[in-house]
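**Student:** return a 3D structure for these sequence lines:
(one chain, ligands or ions: 1)
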Amino acid sequence: MMSKKIAISTGGGDAPGLNAVIRAVTLTAIREYGWEVIGLRNGFDGVLAKEPGIPLNEQLTEDILREGGTILGAANRGNPFKRPITQPDGSVIYEDVSDQVIDHLKTMGVDALIMVGGDGTMAIAQQLYTKGVRLVGVPKTIDNDLGGTDRTFGFDTALNIAMDALDRLHTTAESHHRVMVLEVMGRNSGWIALQAGVAGGADIILIPEIPFDIDIVCEKVRMIRRSGRLHSLVVVAEGAAEHDGSKYYVDAAQKRLGGIGDHVGKLIMEKTEAETRVTVLGHIQRGGSPTVYDRWLGTRFGANVLRLIKEEKWGYMIGLRGEDITEVKIADAIAALKRVDPASEPIHTARNMGISFGAAEDKS
Ligand code: F6P
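**Tutor:** This is a model prediction of the structure:
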């Protein structure tokens with residue numbers, strides 16, 4: 001078998017399970033294919049700095065399975081087609097430096113590139129692919145909203161952390177007869193809020209896919225109190241919005257979401273007079289050790305993406321359909337985000353559990 005030099009990069013925000021992918025790629029490349037693997041540092045930042053990359057071997061990767069984050073580092077704003085360059089006067093211009101990335105990969109003698117990331121990274125992968133880069137993708141995001149795969153790794157860990165937070169908030173909610181609001185991640189999709197919310201016994205779940213009405217939310221809180229239970233749990237995805245669609249940002253210029261939890265908590269307190277507290281879970285959801293599922297999925301994705309390289313399926317991404325590993329064109333995976341269908345069974349089931357989405361379709 002011809003020896004190959006494979007490069008792997010981890011782009012976008014980190015997610016628990018990235019190291020499982022890096023380990024599986026390295027071990028499978030060496031043991032099954034006899035290929036060499038190098039890790040690119042910080043997305044493409046290392047490539048642009050003309051770094052040689054980190055030679056990955058069994059020794060370097062054997063103990064990383066249980067570690068969160070990525071040993072290669074990540075870069076959230078590392079799009080080589082739109083690289084921010086700060087000018088001497090402080091203003092920022094954007095440059096296309098993709099040719100520099102391609103040239104340095106050639107100089108390094110890279111035969112194939114594995115890009116691990118979410119929708120942003122896969123969009124970059126598609127652009128590089130159309131410029132002739134021989135690459136394949138591995139889907140990652142705690143939000144679970146990338147198309148072309150039923151699951152992304154990182155999601156299960158985030159779910160368990162959010163559910164644990166709800167269990168803990170429940171204690172104070174009950175003792176102090178309070179409304180506890182938990183803001184979770186979920187930029188465009190409510191998968192974390194929905195699944196952790198149902199599993200954590202939330203009364204109200206607000207997600208980007210279902211615009212909410214604060215009066216319906218408050219009426220639900222009042223109704224629970226009238227029934228004799230003085231506490232309630234509310235889960236809000238960071239990207240949830242009322243009917244006017246306005247989102248809350250901690251940094252609008254950088255499009256960093258945050259603040260919807262405080263907004264909802266303040267209105268509940270004002271309108272219902274129930275004592276309300278807000279917790280923003282933030283990056284805790286992305287941190288720490290990956291769950292069994294994310295280590296398992298990351299390992300399977302990492303091991304199987306090498307087959308795409310062997311078969312020269314450039315521009316393809318590995319994915320999961322049901323329990324099976326599949327492959328999909330990256331172009332198809334990024335065509336549309338995978339979002340919660342408001343008319344789907346999980347929403348129907350949640351409504352039958354008495355959960356309100358702050359919408360007219362809720363059951364009382
Ligand atoms: O896409 C994953 C995600 O965790 C989103 O839910 C969130 O909006 C975003 O990343 C946060 O990114 P950053 O780490 O740059 O604040």
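**Student:** residue 248: neighbour count?
**Tutor:** Around residue 248 there are 19 other residues, counting by other Cβ atoms under 10 Å. Every residue, glycine included, has its C-beta placed from N, CA and C.
**Student:** phi, psi of it?
**Tutor:** phi -110, psi 130 (degrees, to the nearest 10).
**Student:** how close does it get to residue 206?
**Tutor:** Here residue 248 is placed at a distance of 12 Å from residue 206 (Cβ to Cβ, to the nearest Å).
**Student:** need the overlap of contacts for the two.
**Tutor:** residue 260 (Cβ atoms under 8 Å, 6 or more residues apart in numbering).
**Student:** quick one: residue 235 is in a strand?
**Tutor:** Yes. Counting by DSSP: H, G, I helix; E, B strand; the rest coil, residue 235 is part of a strand.
**Student:** let me know the distance separating it from the ligand.
**Tutor:** Distance from residue 235 to the ligand, counting by Cβ to the nearest ligand atom, to the nearest Å: 14 Å.
**Student:** report the beta-bridge partner residues of that residue.
**Tutor:** Listed by DSSP bridges, the beta-bridge partners for residue 235 are residue 182, residue 205.
**Student:** and what of residue 85?
**Tutor:** Bridge pairing for residue 85 - DSSP bridges - gives residue 93.
**Student:** which residues does it contact?
**Tutor:** Contact analysis of residue 85 by Cβ under 8 Å, 6+ apart lists 92, 93, 94, 95.
**Student:** tell me the one of those nearest the ligand?
**Tutor:** Set against the ligand, the nearest of those by Cβ to the nearest ligand atom is residue 92 (16.6 Å).
**Student:** how close does the spatially closest residue to the closest one that is not a sequence neighbour sit to the ligand?
**Tutor:** Spatial nearest neighbour of residue 92, excluding adjacent residues (Cβ to Cβ, 6 or more residues apart in numbering): residue 84 at 5.0 Å. The gap separating residue 84 from the ligand is 14 Å, by Cβ to the nearest ligand atom.
**Student:** same thing with residue 283?
**Tutor:** Using Cβ to the nearest ligand atom, we find residue 283 at a distance of 6 Å from the ligand.
**Student:** swap in residue 88?
**Tutor:** Counting by Cβ to the nearest ligand atom, the gap from residue 88 to the ligand is 26 Å.
**Student:** pLDDT at that residue, what is it?
**Tutor:** For residue 88, the pLDDT comes out at 93.
**Student:** likewise residue 1?
**Tutor:** Confidence score, pLDDT, at residue 1: 57.
**Student:** cool, residue 226 as well?
**Tutor:** For residue 226, the pLDDT comes out at 97.
**Student:** count of neighbours near it?
**Tutor:** Around residue 226 there are 8 residues (other Cβ under 10 Å).
**Student:** quick one on the thing from earlier: and the contacts of residue 85 as TSV, adding distance to the ligand and neighbour count?
**Tutor:** Formatted as TSV, those follow (distance: Cβ to the nearest ligand atom, whole Å; neighbours: other Cβ atoms under 10 Å):
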residue	distance to the ligand	neighbour count
92	17	9
93	21	9
94	18	11
95	21	12
